[in-house]
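Undergrad: need the 3D shape of this:
(chains A and B)
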Protein chains: 2
Amino acid sequence: MLIITDPAQMAEQCAAWRQAGQSVALVPTMGFFHQGHESLMQAARKNAAKVVLSLFVNPTQFAPTEDLAAYPRDMERDKLIAEGNGVDVLFAPTPELMYPQGYDTWTQVPGLSRLLCGKTRPTHFKGVCTVVLKLFNITRPDLAFFGQKDWQQLAIIRRMAGDLNLGVKVEGVPIVREADGLAMSSRNSYLGEAERTQAPQIHKGLTLARQLFAAGETRSSVLRKRISEFWQEKLPLGRVDYLELVHPETLKAEKTATPESLVITAVYLGKARLIDNQILG
Amino acid sequence: MLIITDPAQMAEQCAAWRQAGQSVALVPTMGFFHQGHESLMQAARKNAAKVVLSLFVNPTQFAPTEDLAAYPRDMERDKLIAEGNGVDVLFAPTPELMYPQGYDTWTQVPGLSRLLCGKTRPTHFKGVCTVVLKLFNITRPDLAFFGQKDWQQLAIIRRMAGDLNLGVKVEGVPIVREADGLAMSSRNSYLGEAERTQAPQIHKGLTLARQLFAAGETRSSVLRKRISEFWQEKLPLGRVDYLELVHPETLKAEKTATPESLVITAVYLGKARLIDNQILG
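TA: Sure, this is the predicted structure:
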């Protein structure tokens, strides 16, 4: 496995592969890999001749009050995991190489970015779009893989890729969960013992909505109320940031649930802010 | 010369050329060609195997109060001129193909876009950046050619191309002028007879600054005052939007002129808003 830190060298490597007719898949990450990341690497490995895994804790998607400095890192372990999953290049640029002196260009998808996570993280998706666009331009991948845990991010990146004629196929990969149902996340490392014990209730609440929907309940207000009551009992350490039932692409709130509807949430739990989602049908 | 209206077909054509090892130059325009456009086509022709000329009156760079509907158009004449200058493909998409239903992605260079023209056209460069980025992504050119008349636009596109790792060489082509010195512009067609007679004084005023600088005057305030006085006498129909002496890349106002300094202006004349600029040294 090659390790590249210079964007220009990364671009050259991908251009050489393209010239040789080899397809390229990109997996953009912020590192501290868990099995969710590994499933992205494996999907990429299966679908392209060359796999580029980017590892960059992108400062521009963190607000000044957020956890940029605390964000967990373990480069040596990450290298082994990447190599073990057949990654061809680990692309790990520094912030100075990605945002040199005088950097001044920003891309955003304002409509989708104002909703859900955008309400408490109003600048987050501007940073995400900008860095992903840069990574797309550096590697010009045929395919790019993102986790469905960050469903809003996936919807926004898809919109951006289509709107900007990027010619990349943006693939969503299903959430990987711990045995008890908690969606895997680098931020789970922030959880204390009691918080970790309650954390799986986030997923169980969303699953309750699936069950109620399967039993015939389609009123969004009722579904959300039942999840909230469930969490009040089972997740007392949690503080709900939002809990919505939305269209899976437009992310607009829906009053009446359909099988395609997405139930999506963000919950503060101790120092962590955890997100999760589930399609109802 | 091929005429292509579909972005996907345009992307395919450029991909085929790239695969065959042929370099591609892009010349983005809004049509109604004059010799300034022709000099861009000729520069592109000289420097690349294949020349794509885009012709798209981009609605998103016009404010609702501006001249989108009135913007001059002459497709049949433009085709002949493009063909005569050795263009390989005229890419003329419709607004519906460039901005389909639900379009929601925007790119900007906020620092540079707030200055100069950005003061009276606060959303203009966001539209320019977005459409140029789309055109770059569709054609993925090795080179792109822009006129130096739109100096601020050129500086912004250069910044964007570097910041977003686009890997395109952005080339500026010198202003082409009428015999009397007026910078060629599609918007010159808006001028009435008296306005047209006075319009060359815009350039003469900037040239006066060059002469004063050559004679030793480096105070920006004095240079601007002398131009203003000159225009008060010679350009009574004009209303100055701005007149600045700036650094050619950062576009920041400079108190003391150097040979690299740029004197740059926008002047309302009848229905037209005309821009011009000149390097002092």
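Undergrad: show me which residues of chain A sit near chain B.
TA: Contact residues (Cβ under 8 Å from any Cβ of the partner chain) of chain A with chain B: A:7, A:11, A:102-112, A:129, A:133-134, A:137-138, A:140, A:159-160, A:163-167, A:250. Heads up, the C-betas are built off the backbone N, CA and C, glycines and all.
Undergrad: isn't A:F146 up against A:I175?
TA: No. If you go by Cβ atoms under 8 Å, A:F146 and A:I175 don't touch, sitting 11.5 Å apart.
Undergrad: which non-adjacent residue is nearest A:P248?
TA: A:L262 (4.5 Å; Cβ to Cβ, 6 or more residues apart in numbering or on different chains).
Undergrad: could you pull out the helices in the stretch 101-250 of chain A for me?
TA: For the stretch 101-250 of chain A, the helices defined by DSSP state H, counting those that start in this stretch occupy A:110-113, A:117-120, A:124-139, A:151-163, A:193-198, A:200-214, A:220-234.
Undergrad: would CSV of those with mean pLDDT be doable?
TA: Converted to CSV, the helices of the stretch 101-250 of chain A look like this (pLDDT from 0 to 100):
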stretch, mean pLDDT
helix A:110-113, 98
helix A:117-120, 97
helix A:124-139, 98
helix A:151-163, 98
helix A:193-198, 98
helix A:200-214, 98
helix A:220-234, 98
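Undergrad: with distance to A:M41 added, can I get those helices in JSON lines?
TA: Listed next are the helices of the stretch 101-250 of chain A as JSON lines, based on distance: least, Cβ to Cβ, whole Å:
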{"stretch": "helix A:110-113", "distance to A:M41": "27"}
{"stretch": "helix A:117-120", "distance to A:M41": "25"}
{"stretch": "helix A:124-139", "distance to A:M41": "15"}
{"stretch": "helix A:151-163", "distance to A:M41": "17"}
{"stretch": "helix A:193-198", "distance to A:M41": "26"}
{"stretch": "helix A:200-214", "distance to A:M41": "23"}
{"stretch": "helix A:220-234", "distance to A:M41": "33"}
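Undergrad: need those helices in TSV with mean neighbour count, can you?
TA: Output for those, formatted as TSV (neighbours: other Cβ atoms under 10 Å in any protein chain shown):
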stretch	mean neighbour count
helix A:110-113	20
helix A:117-120	17
helix A:124-139	24
helix A:151-163	23
helix A:193-198	14
helix A:200-214	19
helix A:220-234	16
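Undergrad: pick out the residue of the stretch 151-281 of chain A closest to chain B.
TA: Residue nearest to chain B within the stretch 151-281 of chain A (Cβ to the nearest Cβ): A:D163, separated by 3.6 Å.
Undergrad: how far away is that residue from B:Y99?
TA: Distance, A:D163 to B:Y99, by Cβ to Cβ, to the nearest Å: 8 Å.
Undergrad: same check on A:E260?
TA: Using Cβ to Cβ, A:E260 is found at 26 Å from B:Y99.
Undergrad: quick one, which of the two is more surrounded?
TA: B:Y99 (19 against 12; other Cβ atoms under 10 Å in any protein chain shown).
Undergrad: quick check: the more buried one touching B:F56?
TA: No. At 10.5 Å, B:Y99 and B:F56 do not qualify as touching, with contact defined as Cβ under 8 Å.
Undergrad: count of neighbours near A:D88?
TA: 21.
Undergrad: that one and A:K50 touch, don't they?
TA: Yes. Counting by Cβ under 8 Å, A:D88 does reach A:K50; the two are 4.8 Å apart.
Undergrad: so the residue of the stretch 151-281 of chain A closest to chain B makes contact with B:M98?
TA: No. Between A:D163 and B:M98 there is no contact under Cβ under 8 Å: 9.7 Å.
Undergrad: what do those two both touch?
TA: Common contact partners of A:D163 and B:M98 (Cβ atoms under 8 Å, 6 or more residues apart in numbering or on different chains): B:K134.
Undergrad: where does the stretch 51-200 of chain A have low pLDDT?
TA: Scanning the stretch 51-200 of chain A with the threshold set as pLDDT under 70 gives no residue ranges.
Undergrad: mind listing the strands for it?
TA: Assigned by DSSP state E, counting those that start in this stretch, the strands in the stretch 51-200 of chain A fall at A:89-91, A:106-108, A:143-147, A:169-173.
Undergrad: possible to save those strands as a markdown table with mean neighbour count and distance to B:S39?
TA: Below are the strands of the stretch 51-200 of chain A laid out as a markdown table (neighbours: other Cβ atoms under 10 Å in any protein chain shown; distance: least, Cβ to Cβ, whole Å):
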| stretch | mean neighbour count | distance to B:S39 |
| --- | --- | --- |
| strand A:89-91 | 24 | 40 |
| strand A:106-108 | 24 | 31 |
| strand A:143-147 | 24 | 39 |
| strand A:169-173 | 18 | 39 |
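Undergrad: next up, the contacts around A:T120.
TA: Counting by Cβ under 8 Å, 6+ apart, A:T120 has contacts A:241-242, A:266.
Undergrad: rerun that using 6 Å as the cut-off
TA: Residues in contact with A:T120 (Cβ atoms under 6 Å, 6 or more residues apart in numbering or on different chains) are A:D241.
Undergrad: just give the number of residues close to the nearest residue to A:R219 once chain neighbours are set aside.
TA: With sequence-adjacent residues excluded and distances taken as Cβ to Cβ, 6+ apart, A:R219 is closest to A:T256, at 6.9 Å. A:T256 has 10 neighbours, counted by other Cβ under 10 Å.
Undergrad: same check, this time on A:P174
TA: A:P174 has 11 nearby residues by other Cβ under 10 Å.
Undergrad: that one and B:R187: what is the separation?
TA: A:P174 is 54 Å from B:R187, by Cβ to Cβ.
Undergrad: excluding chain neighbours, what is closest to A:R187?
TA: Computed as Cβ to Cβ, 6+ apart, the closest residue to A:R187 that is not its neighbour in sequence is A:A272, at 4.8 Å.
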